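*Asks:* Using only what follows, build the 3D model:
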Amino acid sequence: MAWLSGQELQNGKYTIEKELGEGGFGITYRARDNQGNFVVIKTLNDAIQKRADFAKFQQDFLNEAIKLAKCSHPHIVQIYEVIHENDLWCMVMEYIDGEDLGTVVENQGILSETEALRYIQQIGSALTVVHDNGLLHRDIKPQNIMLRSGKSEAVLIDFGIAREFSQNLTQTHTQMLADGFAPIDMIKKQNGEHLQMFML
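*Replies:* Residues are numbered from 1 along each chain as shown. Alright, predicted model coming up:
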């Protein structure tokens with residue numbers, strides 16, 4: 001069941017303010033901690049909670065949260081802690097005041113070459129850390145890159161479909177990719193349901 005505005009978590013440590021968004025697996029809320037600071041709290045959504053294999057999703061969510069928490073980088077959203085609330089694992093994350101890159105480009109038009117290259121370098125360096133920690137983001141697109149308000153800083157967010165990978169192995173993952181933004185080596189369909197990924 002979705003949390004409501006004013007609902008307290010962790011015995012009052014966090015108070016839900018509003019829902020920020022819901023995807024295929026997760027639901028994200030803006031909350032305040034007991035010091036008055038904004039945070040983002042993400043957990044599995046109602047649809048996943050009703051599935052027969054919910055326990056597996058819970059374990060996957062927890063495993064990925066622990067891995068993501070190790071991905072410390074100025075251009076990766078920071079995970080403060082992993083909490084357990086009403087039988088749900090949750091990630092408490094940094095709240096980024098700003099707009100996503102997709103909205104900025106929609107409203108302001110194309111970026112200058114200098115600005116675009118700056119963000120590419122920042123997100124590229126963030127992805128190096130992600131990969132060094134054995135994860136693939138799998139959903140790199142402008143809507144998952146936040147620009148900090150008043151700064152030329154891009155931050156990679158939304159690791160909802162991140163998956164572990166092993167170098168030099170061929171792996172099969174379910175098809176959860178953003179049209180137009182998936183890397184070319186992940187676009188070979190197999191049986192219409194899976195993508196064959198060739199890790200070179």
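*Asks:* Now that Leu68 has come up, it's in contact with Leu156, right?
*Replies:* No. Between Leu68 and Leu156 there is no contact under Cβ atoms under 8 Å: 10.6 Å. Using the backbone N, CA and C atoms, a C-beta is placed for each residue, glycine as well.
*Asks:* residues near the residue nearest to Leu20 when sequence neighbours are not counted, how many?
*Replies:* Leaving aside its sequence neighbours, Leu20 sits nearest to Thr28 (Cβ to Cβ, 6 or more residues apart in numbering; 4.5 Å). Counted with other Cβ atoms under 10 Å, the neighbours of Thr28 add up to 19.
*Asks:* Would you list the phi and psi of Thr28?
*Replies:* As for Thr28, its main-chain torsions (degrees, to the nearest 10) stand at phi -120, psi 140.
*Asks:* wait, is Phe61 part of a helix?
*Replies:* Yes. Residue state for Phe61 (DSSP: H, G, I helix; E, B strand; the rest coil) corresponds to a helix.
*Asks:* Tell me the predicted confidence for the residue nearest to Leu20.
*Replies:* As predicted, Thr28 sits at a pLDDT of 94.
*Asks:* which ones are touching it?
*Replies:* The contact partners of Thr28, taken as Cβ atoms under 8 Å, 6 or more residues apart in numbering, are Glu19, Leu20, Gly21, Glu22, Val40, Ile41, Lys42.
*Asks:* ok, now how distant is it from Leu44?
*Replies:* 11 Å (Cβ to Cβ, to the nearest Å).
*Asks:* What of Arg30?
*Replies:* Arg30 sits 18 Å away from Leu44, taking Cβ to Cβ as the criterion.
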